[in-house]
Every structure is written in structure tokens, then in C-alpha cells.
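In: heads up, no residue letters with this:
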């Protein structure tokens, strides 16, 4: 069984991974398309599933336009 301290460390690590993915996605969108629309940022900030964020990151890399990226 995990101690409370271990649980906090795991939760902090998870939050760090999520924030890192979000920042990476926003940075890549900005590099590719020049700017990041506020609605895109808002939607992205509601996503806390690491796998979903990884899917979005992949879409950003292969997208030809910002409209090719669906963030729900």
C-alpha cells in the first residue's frame, strides 16, 4: 500500500506530465500555425488524460491546418 507521501509524489508527477504535454502542444501549434486561438487553449486545458493529450500532440505534428486538430 502506498504511503500518503508516495501518493502525493505520484499525483504531482502526473500533473507535471499533463502540464508538460499541454505546453508542448501549445508550443508546436504556435510554431506551425503562428498563433494559438483562445478556444483551443481553453479546450486543451480541460483535458487531463495523458493518452488523449498524446493523441492531440500527434495530430498537431501531422496537421496541415489548425482545423485538422480536433480538441474535445
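Out: That came through fine. Please read these numbers as outputs of a predicted model, since none were measured by experiment.

In: Identify the residue nearest the residue nearest in space to the middle of the chain in space, chain neighbours excluded?
Out: The chain has residue 22 as the residue nearest its centroid, 2.8 Å off, counting by CA atoms, centre = their mean. Computed as CB to CB, 6 or more residues apart in numbering, the closest residue to residue 22 that is not its neighbour in sequence is residue 44, at 5.7 Å. To be clear about C-beta, it is placed using only N, CA and C from the backbone, and glycine gets the same treatment.

In: Figure out how far whatever helix or strand residue 27 lives in is from the centre of its chain.
Out: Taking DSSP states H and E as the definition, one finds residue 27 inside helix 4-33. A distance of 7 Å separates the centroid of the chain from that of helix 4-33, by CA atoms, centre = their mean, to the nearest Å.

In: Now the element after that helix, going C-ward?
Out: Toward the C-terminus from helix 4-33 - assigned by DSSP H and E - lies helix 38-44.

In: who's in contact with that next one?
Out: Outside helix 38-44, the residues that touch it by CB atoms under 8 Å, 6 or more residues apart in numbering are 22, 25, 26, 29, 53, 56, 66, 69, 71, 72.

In: Including pLDDT and distance to residue 9, could these go into TSV?
Out: Below are the contacts of helix 38-44 laid out as TSV (pLDDT from 0 to 100; distance: CB to CB, whole Å):
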residue	pLDDT	distance to residue 9
22	98	21
25	97	25
26	97	26
29	96	31
53	97	21
56	96	26
66	89	37
69	88	33
71	80	29
72	74	31
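
In: Now render those as TSV, adding distance to residue 13.
Out: Below are the contacts of helix 38-44 laid out as TSV (distance: CB to CB, whole Å):
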residue	distance to residue 13
22	15
25	19
26	21
29	25
53	15
56	20
66	31
69	27
71	24
72	26
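
In: coming back round to it: quick one, what contacts the residue nearest to the centre of the chain?
Out: Applying CB under 8 Å, 6+ apart, the residues contacting residue 22 are 44, 45, 47, 53.

In: ok, now how distant is it from residue 46?
Out: 10 Å (CB to CB, to the nearest Å).

In: Identify the contacts common to those two.
Out: If you check residue 22 and residue 46 against CB under 8 Å, 6+ apart, no residue is contacted by both.
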